[in-house]
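S.K.: no sequence on this one, just coordinates:
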């Protein structure tokens with residue numbers, strides 16, 4: 001069995017490494033001398049951890065400790081993020097391999113210890129918590145790539161938050177909800193919205209994708225995300241418009257149309273409501 005060593009993947013002065021992988025369909029069984037978190041960004045497949053199989057999709061986070069065996073396979077190209085860190089990245093108490101298996105005994109995570117006597121490798125983030133996690137992971141990746149002053153300190157803090165979110169969500173996964181039966185459907189619906197937000201997309205379109213009624217999907221959206229379907233589509237459109245304004249030379253009108261706003265006045269009004277300035281003002285900053 002192949003063994004991955006930290007020295008080959010993690011810089012000694014950083015003790016953490018973050019990679020986003022695409023076009024990856026298969027990884028044979030292996031183990032490593034570092035801790036690994038894998039977040040599934042798109043597609044679905046099967047991961048095996050210590051001989052146990054886990055069906056995964058967008059929103060799933062997997063935690064592999066030092067010495068755990070791990071492999072995966074998928075029918076389509078899976079996009080995922082790897083967060084690798086040495087045992088002593090968070091605490092010197094984890095510098096000895098044996099102590100990594102007492103992860104929850106650290107003072108940082110002591111309050112989770114009683115509720116999570118036997119932590120599971122797979123944690124399912126759904127709804128608002130999934131969006132918050134993805135935002136955190138993107139922030140961590142940016143810090144790791146840009147390496148601005150103080151990035152090591154920030155990554156240490158973000159990693160602590162990430163693990164705290166993981167343990168909290170692990171607890172929540174054991175709880176019940178009237179929407180639990182559709183939680184696993186949410187990631188695929190979000191992916192569908194992200195692929196079609198620039199067109200005329202409605203709740204009826206989501207209903208066809210999920211076989212639930214538009215009313216029920218609307219209710220689930222509000223309950224799980226804290227905002228409506230319409231508000232989410234608007235967020236996506238305006239976020240993409242902001243990116244294009246900063247990264248392209250396309251005209252403001254062209255950008256508005258490209259994200260789904262054929263009415264220039266509506267685009268300007270919503271943009272200013274969201275960012276506190278007009279598209280032109282943003283470009284002049």
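M.R.: All right, it came through fine. No experiment lies behind these values; they were computed from the predicted model shown.
S.K.: leaving out sequence neighbours, find the closest residue to residue 280.
M.R.: In this structure, residue 280 finds its nearest non-sequential neighbour in residue 252, 6.5 Å apart by Cβ to Cβ, 6 or more residues apart in numbering. Backbone N, C-alpha and C define where each C-beta goes, glycine included.
S.K.: list the contacts of the one you found.
M.R.: Counting by Cβ atoms under 8 Å, 6 or more residues apart in numbering, residue 252 touches 245, 279-280, 283.
S.K.: and with 10 Å instead?
M.R.: 241, 244-245, 264, 267-268, 271, 278-280, 282-283 (Cβ atoms under 10 Å, 6 or more residues apart in numbering).
S.K.: again, but for residue 198
M.R.: Residues near residue 198 by Cβ under 10 Å, 6+ apart: 233, 236-237, 240, 257-261.
S.K.: over to it. Which of the three states is it?
M.R.: The three-state assignment at residue 198 reads coil, by DSSP: H, G, I helix; E, B strand; the rest coil.
S.K.: again with the one 3 residues further on
M.R.: Taken by three-state DSSP, the conformation at residue 201 corresponds to coil.
S.K.: you'd agree it is up against residue 193?
M.R.: Yes - counting by Cβ atoms under 10 Å, residue 201 sits close enough to residue 193 to count as a contact (6.5 Å).
S.K.: joint contacts of the two?
M.R.: By Cβ under 10 Å, 6+ apart, residue 201 and residue 193 have these common neighbours: 229, 233, 236.
S.K.: okay, now residue 11: neighbour count?
M.R.: Residues near residue 11, counting by other Cβ atoms under 10 Å, number 10.
S.K.: again, but for residue 158
M.R.: Residue crowding around residue 158 was assessed by other Cβ under 10 Å; the count is 20.
S.K.: so it sits right up against residue 133, yeah?
M.R.: No - between residue 158 and residue 133 there is no contact under Cβ under 10 Å: 11.3 Å.
S.K.: find residues that contact each of these two.
M.R.: Between them, residue 158 and residue 133 share no contacting residue under Cβ under 10 Å, 6+ apart.
S.K.: determine the three-state secondary structure at residue 220.
M.R.: Secondary structure state of residue 220, per three-state DSSP, is helix.
S.K.: my guess is it meets residue 210, correct?
M.R.: Yes - with contact defined as Cβ under 10 Å, residue 220 reaches residue 210; the gap is 9.3 Å.
S.K.: so for the longest helix belonging to the chain, mean pLDDT?
M.R.: Determined from DSSP state H, the single longest helix within the chain is helix 151-172. Model confidence over helix 151-172, given as mean pLDDT, is 88.
S.K.: residues of that helix that come out buried?
M.R.: Residues of helix 151-172 classed as buried: 151-152, 155, 158-159, 162-163, 165-170 (neighbour count, 16 or more other Cβ atoms under 10 Å).
S.K.: residues near the residue nearest to residue 42 when sequence neighbours are not counted, how many?
M.R.: Spatially, and ignoring its direct neighbours in sequence, residue 42 is nearest to residue 79 (4.3 Å; Cβ to Cβ, 6+ apart). Residue 79: 16 surrounding residues under other Cβ under 10 Å.
S.K.: number of nearby residues for residue 139?
M.R.: 14.
S.K.: swap that for residue 75, please
M.R.: By other Cβ under 10 Å, 10 other residues sit near residue 75.
S.K.: pLDDT at it, what is it?
M.R.: So, for residue 75, pLDDT stands at 75.
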